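Trainee: Sequence first, predicted model second:
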Amino acid sequence: MNVVRVAAWAAAAAITLALCAWLGRAGGETGESAGPWRHALARFHRNRAATAALRLVVAACVVAALAPWLVPYSPSATPDIVALKNLPPSFAHLLGTDFASRDVFSRLLYGARVSLSIALLAILLSATVGTLYGAAAGYYGGRVDAIMMRIIDAALSIPRILLLITLLVLWGAVPMAALILVLGFTGWFGVSRLVRAEVLSLKERDMVTAARALGARDRDIILRHILPNVLSPVVVAATLGIANVIIIEAGLSYLGIGVRPPVPSWGNMIQDGVSQIATVWWVSLFPGLAIVVTVMAFNIIGDGLRDALDPRQLDG
Amino acid sequence: MTAPLLSVRDLRTWFHTPSGIARAVDGVSFDVMPHETVGVVGESGCGKSVTSLSILRLIDRPGAIEPGSVIEFEGRDLMTLPEREMRAIRGNRISMIFQEPMTSLNPVFTVGDQVAEVARVHSGASRREAWERAVEMLATVGMPAASERAKEYPHQLSGGLRQRVMIAMALMMEPALLIADEPTTALDVTIQAQILELLAEMQARMGMSILLITHDLGVIAESATRVLVMYAGQIVEEAPVRELFSSPHHPYTEGLLAAMPRVGSERERLAVIPGSVPPPTAWPSGCRFHERCPFAWERCAAEPPPLYRIGERHVSRCHLADEPERRAHPHEPLAATRA
């Protein structure tokens, strides 16, 4: 058992290092005929803080993915809720145990799995929906655009967190997939506005007229000329959006209406320790730190990407 | 006499804006013969570009080509073609190149890919075959080390090379008509000459006609055989290029020629045409140029001049053709006295 775990940690480290090295190499080589994406990657790579944050996120994702092989205890096992509860950090329990004698370290890793995958999937959903909606509004313009954007204005006037709380409270015990859907479908309004504005300006560009003058179809124009050129702001918005969704999910889980116990998420883990935070501080502190560090990392990556993908630098 | 390749009759492209109908192109008629280069010249806002986009039916709302306009190309009426057939003509039988080769190319694809795309759209060539033809075409338009350069992105090329890429894209399918909208305006003078030379060379090789749109009379003098002068959405004068330069008739053409800088002439202030092109929502009554014209008299403000025939292939939209003695009495134009 122990041997397997040591091997799993070694594998996790190796995978992390390999991924980081690969990212570094991709950004390092900018030969003669490097495209704008490679240039952006090289610019990103020159940003030390962003590179470090990216490595941290890669490591977190690898650990989260391999969590079942990495944890010393089951995240929901309650071996002895009298003798083993509220133990402070020690060698046996690296981050201590909580009120139900569960290992905080194991729960933290499983929590990463839950929190990160919810955030990534929700953002994937909202970025896709937002891009398609915004692209349609911007490309067709006129009355279609006016109606579609008024819908967005209306949706944006409802505070997202209140909408989420209402939905989740009414729903009762939400399955994880539903939580992802709800987070995803309430998060795309901003992206669609961004994409719409970008498409409005792109479709007036000479390159679109030129493509049409050379016989391109609407489909070719959207796929070749519009979407690849709106990708960079979407990537930036999505990265910053991940940070936001992690916080929202943590908040909802803290309130007990997001991820429901006993499934660990960073948010409900904080809740587990909050009633005795002065004495059993480790139960809430470590998931809190995990949230802060991860959110900061995504924000730093997002800012780094924004700088690296700035279209004004495409010539450089 | 051979039939014209392109025949435009009474083209009216109007923009229905909230502030009124902008008659950007208002009753334009002309022919382009096979293998011929026709220059279209005029100030910004006179309707040159809208004319060329109208031929390809690339006018977007709120603009529309008004009913009754006729655009005939290779014997077919383009106005009644379904969009699908129109697409098959664009880039294939009629191509267009634009002023700004940087913004006309897509920054995220290699130039070879973009040239190849034209072949893929129109001939359904395979990816590899299209790429080979693209490299070949790039070499034909004078791209040095074409097979290497094809893998580069637009931002890695100079302005002149980018324009060569645009020309390669436009000529990929050996079109019968090339519309060149200010093809050299964004380039410096030495490159301009090279690009004009290239266009002439490609014309000799492929035998296409060129509709050359520019505000630069120097470019017209070098390349065109016949010139259309446009003002305020209309053709105001049409003549073979030599005749236009030696004996212009319309006062607007005279003004344009006088405003041309000449190397070696005395250093004096360039002549200017007073005033500016009026907004297309409110063209002046009568002759649209009368407020800026040094010969205008009462008739000009009241009666729109027809196109008077003043030579075998020379027409002018000016009442001076009817009352030539008025030319003896120039005066300050209305626009100058008003200012």
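Mentor: Sure thing, it's come through.

Trainee: Any idea how many residues pack against the closest residue to chain A within chain B?
Mentor: Per Cβ to the nearest Cβ, residue B:91 is where chain B lies closest to chain A, at 3.3 Å. No exception for glycine: its C-beta is placed from N, CA and C like everyone else's. A count of nearby residues for residue B:91, using other Cβ atoms under 10 Å in any protein chain shown, gives 27.

Trainee: Give me the phi and psi for it.
Mentor: phi 80, psi -10 (degrees, to the nearest 10).

Trainee: where do the helices sit along chain A?
Mentor: Counting by DSSP state H, chain A has these helices, from start to end: A:2-28, A:36-46, A:48-65, A:67-70, A:104-140, A:142-156, A:160-171, A:176-185, A:189-203, A:206-213, A:218-220, A:227-254, A:266-274, A:282-309.

Trainee: can you pull the contacts of residue B:147?
Mentor: B:135, B:139 (Cβ atoms under 8 Å, 6 or more residues apart in numbering or on different chains).

Trainee: quick one: it and residue B:135, what's the gap?
Mentor: Relative to residue B:135, residue B:147 is positioned 5 Å away (Cβ to Cβ, to the nearest Å).

Trainee: Compare the helices of chain A and give me the one nearest residue B:114.
Mentor: Proximity to residue B:114 (Cβ to Cβ) singles out helix A:206-213 among the helices of chain A, at 8.9 Å.

Trainee: number of nearby residues for residue 72?
Mentor: Using chain A. By other Cβ under 10 Å, the burial measure for residue A:72, its neighbour count, is 14.

Trainee: Sorry, I should have been clearer: chain B.
Mentor: 17.

Trainee: Which strand or helix spans the residue nearest to it when sequence neighbours are not counted?
Mentor: Excluding its sequence neighbours, the residue lying closest to residue B:72 (Cβ to Cβ, 6 or more residues apart in numbering or on different chains) is residue B:7, at 4.3 Å. Here residue B:7, judged by DSSP states H and E, is contained in strand B:6-17.

Trainee: Can you give me the buried ones in that strand?
Mentor: Buried residues in strand B:6-17, defined by neighbour count with 16 or more other Cβ atoms under 10 Å in any protein chain shown: B:6-8, B:11-15.

Trainee: quick one: contacts for the closest residue in space to residue B:122 that isn't next to it in sequence?
Mentor: Spatial nearest neighbour of residue B:122, chain neighbours left out: residue B:92 (4.7 Å); criterion: Cβ to Cβ, 6+ apart. Going by Cβ under 8 Å, 6+ apart, residue B:92 touches A:215, B:122, B:173, B:175.

Trainee: residue contacts, residue 214?
Mentor: Picking chain A for this. B:90-91, B:95-96, B:118, B:121, B:169-170.

Trainee: I was thinking of chain B, sorry if that wasn't clear
Mentor: Residue B:214 neighbours (Cβ under 8 Å, 6+ apart): B:39-41, B:182-185, B:220.

Trainee: Phi and psi next, for it.
Mentor: Torsion angles, degrees, to the nearest 10, at residue B:214: phi -160, psi 160.
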